[in-house]
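using only what follows, build the 3D model:
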Amino acid sequence: MMEITSNTYYDKVSSLYREISKTRCNYLQAVDAIVTATVKRNKIKSWLDIGVGDGERISGLLGKVKAEEVVCLEPSAYMFQQASQSLEGKCIVIRKSLATYSKDTDRRFSFVTALWNVIGHSVDPVSFLRDAYALLDNNGLLLIDANNRYNVRQYGFLPVMRNAILDYLGLSTKGVFKLKTSNEGVFTYVYIASPRELRKACKVLDIADINIDFVDYMTGKPAGCFTGQMVVRIAKS
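All right, here's what the predicted structure looks like:
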């Protein structure tokens, strides 16, 4: 198999993205409800979404809540093209990665989101969190949902136990796994986090206010640390 970049991977799956999303509709709707409640509760004025994909999800969210300014980042060329069309007149769509945008702008936002394991396409969670956190204004909120490699319901008991043992012994790949396309013989690397790793990354960055909830990947119902994916809230004060 041949390795490709994350952006190239999403170029290849861009035409299937909407169908892939439907397989996780309960989970995505549950996370969207959390996002919607957060925007309404905190009266968000400026919102940055990292890795907007084809834009359909944010378009749906903007039909439920309003923010004075919404900026979306998407580094994949094909996804960017789709997002620009679906979000035309609703928000600003920029073809840049988080790492590039954070260096190029002095703009700050009251709300930053990175949804559906966008953090997984950065193999360095510390750098990702540092860049995203830096884009928050004072009292801003960062919301991330991320795959949890200790999720037994999703990955199975034996793989999770193996991951946990290797992590404990310091012999693991640190959550970096191969993500394959269905029929083209190519793959990209994806980072699948653990709650402990994200808390440790925040500690390294001197971020104190972090809260992690868990949502079942199939049903969208509340779950536990070994039965769900992660919804991470980080506040800047």
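
which parts of the helix ranked longest in the chain are buried?
Identified as the longest helix of the chain according to DSSP state H is helix 25-42. By neighbour count with 16 or more other C-beta atoms under 10 Å, helix 25-42 contains the buried residues Tyr27, Leu28, Ala30, Val31, Asp32, Val35, Thr38, Val39. From N, CA and C alone the C-beta is placed, and that goes for glycine too.

and those, which is closest to Arg18?
When the buried residues of helix 25-42 are compared for distance to Arg18 (C-beta to C-beta), Leu28 comes out closest, at 11.5 Å.

which residues of this protein score low on pLDDT?
By pLDDT under 70, the low-scoring segments of the chain are 172-174, 181-184.

what ranges do the helices span in it?
6-13, 17-22, 25-42, 56-62, 77-86, 98-104, 125-134, 152-155, 157-169, 195-204.

relative to Leu141, which of those helices is closest?
Nearest to Leu141 among the helices of the chain is helix 25-42 (6.4 Å), distances taken as C-beta to C-beta.

export that closest one to CSV, keeping only CA atoms.
Written as CSV, here are the backbone C-alpha positions of helix 25-42 (Å, rounded to 0.1, in the frame of the first residue of the first chain):
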residue,chain,number,x,y,z
CYS,A,25,-25.7,10.3,12.1
ASN,A,26,-26.8,9.6,15.7
TYR,A,27,-23.3,10.5,17.0
LEU,A,28,-22.9,13.6,14.8
GLN,A,29,-26.4,14.8,15.8
ALA,A,30,-25.5,14.4,19.5
VAL,A,31,-22.3,16.4,19.1
ASP,A,32,-24.2,19.0,17.1
ALA,A,33,-26.7,19.4,20.0
ILE,A,34,-23.7,20.1,22.3
VAL,A,35,-22.3,22.7,19.9
THR,A,36,-25.7,24.3,19.5
ALA,A,37,-26.3,24.5,23.2
THR,A,38,-22.8,25.9,23.7
VAL,A,39,-23.3,28.7,21.2
LYS,A,40,-26.7,29.7,22.6
ARG,A,41,-25.6,29.5,26.2
ASN,A,42,-22.5,31.6,25.7
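
how far does that helix sit from the chain's center?
Centre-to-centre, helix 25-42 and its host chain are 14 Å apart (C-alpha atoms, centre = their mean, to the nearest Å).

do stretch 24-41 as well
Put simply, stretch 24-41 sits 13 Å off its chain's centre (C-alpha atoms, centre = their mean).

start and end of stretch 197-214, how far apart?
15 Å (C-alpha to C-alpha, to the nearest Å).

same check on stretch 69-77?
End-to-end distance of stretch 69-77: 23 Å, with C-alpha to C-alpha as the criterion.

ok so, going back, tell me which other helices or strands the longest helix of the chain touches.
With contacts defined as 3 or more C-beta pairs under 8 Å, 6 or more residues apart in numbering; DSSP states H and E, helix 25-42 has these neighbours: helix 56-62, strand 109-114, strand 136-146, strand 210-215, strand 229-235.

buried stuff in the third one?
Of the residues in strand 136-146, those scored as buried under the neighbour-count criterion (16+ other C-beta under 10 Å) are Leu136, Gly140, Leu141, Leu142, Leu143, Ile144, Asp145, Ala146.

kindly report the same for the fourth one.
Using 16+ other C-beta under 10 Å as the test for burial, strand 210-215 gives Ile210, Ile212, Asp213, Phe214, Val215.
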